[in-house]
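A.B. asks: structure here, sequence nowhere to be found:
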């Protein structure tokens, strides 16, 4: 099998990727490592809450969009929408939706890109809520036709099984997906410094395992640094 590829040029954490964060309470108590399928009614309610978030959907014709993926972990429902375009453009939303309750937007972002090769995935976008006590991360992307499963290994030993559905994958977990690091850089106008210079980057705190339909597991795939 060919090596797993993360599609080049796909935006991560706000580089050509919109992201919106709502308020809320601590979400760790609602998290589960393995999701369940959201009911059609819950998927519709979550998608409607996503479409109603004007800061997220500004400029998009959301009525044309279809729900491609929907999962539930505790009281939170995660949905991914696209309009079937190529390259793909997506909206991903995490919604607080207790059974029998009303949907309340939590976090979301826009992403997408070219469809990856059959054995590959891409990282379309990451949204983070960095409020102390409320920290959570939402990851989504596209999968090739031979990809059967995606597993997220996050900080603190957390393992989240992503939902893979209709050419997409997505998951959320409590905690931060990215961290800051610094590396030496050349002095000069480009880096706006003189003497000993260092540049700050965001790098992922998670890795991905990808299982192909023939059972091959590609391990410790990292999100691309910024």
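C.D. replies: Alright, I've got the coordinates. None of these values were measured; they are calculated from a predicted model.
A.B. asks: element containing the spatially most central residue of the chain, please.
C.D. replies: The chain has residue 139 as the residue nearest its centroid, 1.7 Å off, counting by CA atoms, centre = their mean. Assigned by DSSP states H and E, residue 139 belongs to strand 136-143.
A.B. asks: buried residues, stretch 196-210. List them.
C.D. replies: Of the residues in stretch 196-210, 197, 202, 204-206, 208-210 count as buried by neighbour count, 16 or more other CB atoms under 10 Å. Every C-beta, even on glycine, is put in place using the N, C-alpha and C of the backbone.
A.B. asks: can I get these in a markdown table including distance to residue 83, pLDDT and secondary structure?
C.D. replies: Shown next, in a markdown table, are the buried residues of stretch 196-210 (distance: CB to CB, whole Å; pLDDT from 0 to 100; DSSP: H, G, I helix; E, B strand; the rest coil):
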| residue | distance to residue 83 | pLDDT | secondary structure |
| --- | --- | --- | --- |
| 197 | 44 | 81 | strand |
| 202 | 29 | 82 | strand |
| 204 | 28 | 85 | strand |
| 205 | 32 | 86 | coil |
| 206 | 28 | 90 | coil |
| 208 | 26 | 95 | strand |
| 209 | 30 | 96 | strand |
| 210 | 26 | 95 | strand |
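A.B. asks: what's the nearest residue to residue 65 if we skip its chain neighbours?
C.D. replies: residue 81 (4.3 Å; CB to CB, 6 or more residues apart in numbering).
A.B. asks: how deep is that neighbour tucked in, by neighbour count?
C.D. replies: As a burial measure, residue 81 scores 26 neighbours (other CB atoms under 10 Å).
A.B. asks: which element is it on?
C.D. replies: Residue 81 is part of strand 76-82, with elements assigned from DSSP H and E.
A.B. asks: can you pull the buried residues of the longest helix along the chain?
C.D. replies: The helix that spans the most residues within the chain, counting by DSSP state H, is helix 40-51. For helix 40-51, a neighbour-count test (16+ other CB under 10 Å) marks 42-43, 45-47, 49-51 as buried.
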